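Colleague: Coordinates only, no sequence provided:
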């Protein structure tokens, strides 16, 4: 298990909500409803009186943390040699484009693609314009 949590690998530490904040309380409520065996549709419904943007942000961060954990358990088996293409089965190949280094869709080995993807998602989650950390401060476009 030590290798799974190696900082040099793709696994990233969980994003956390500050205790005492509204988002922390929403996160606790979401965790409780998801682990109680409640109907999934009911579990993700916006609680009465809560801000929809905050509720969505809590679930986005939770999803990112779960995907991170899952990928961390398999990343040692998916190397550039064993996974030379990022694919979704034989019919789908994913290519990376970020308009910075990769200006056109570029085929990459799966580990490199996943590292770029997880880095990109983390930048989005940490962007205060997209996911403000203060409750109720989401900017409208």
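Modeller: Noted; the coordinates are in hand. Predicted model only: the values in this text are computed from it and were never measured.
Colleague: Please count neighbours and contacts with C-alpha atoms only from this point.
Modeller: Fine.
Colleague: Give me the buried positions along stretch 81-99.
Modeller: Along stretch 81-99, these residues count as buried under the neighbour rule (16 or more other Cα atoms under 10 Å): 85-87, 94-96.
Colleague: got it, and stretch 66-86?
Modeller: Buried residues in stretch 66-86, counted by 16+ other Cα under 10 Å: 68-69, 71-72, 75, 85-86.
Colleague: Can you get me the start-to-end distance on that stretch?
Modeller: Counting by Cα to Cα, to the nearest Å, you get 20 Å between the two ends of stretch 66-86.
Colleague: Let's verify residue 76: helix, strand, or coil?
Modeller: The three-state label given to residue 76 by DSSP: H, G, I helix; E, B strand; the rest coil is coil.
Colleague: where's it relative to residue 82, distance?
Modeller: 10 Å.
Colleague: Any regions of this structure where pLDDT drops low?
Modeller: Within the chain, the ranges that satisfy pLDDT under 70 run 1-17, 21-38, 40, 134-141.
Colleague: all helices for it, in order.
Modeller: Along the chain, the segments classed as helices by DSSP state H run 22-35, 40-43, 52-74, 110-125.
Colleague: Export those helices as CSV, with columns for distance to residue 101.
Modeller: Shown next, in CSV, are those (distance: least, Cα to Cα, whole Å):
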stretch, distance to residue 101
helix 22-35, 34
helix 40-43, 40
helix 52-74, 24
helix 110-125, 11
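Colleague: Tell me who's in contact with residue 52.
Modeller: By Cα atoms under 8 Å, 6 or more residues apart in numbering, the contact set of residue 52 is residue 46.
Colleague: re the thing from before, okay if I get the buried residues of stretch 66-86 as CSV plus distance to residue 123?
Modeller: Output for the buried residues of stretch 66-86, formatted as CSV (distance: Cα to Cα, whole Å):
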residue, distance to residue 123
68, 14
69, 18
71, 18
72, 19
75, 21
85, 24
86, 21
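Colleague: Quickly name whichever of these is closest to residue 54.
Modeller: Ranked by distance to residue 54 (Cα to Cα), the buried residues of stretch 66-86 are led by residue 68 at 21.1 Å.
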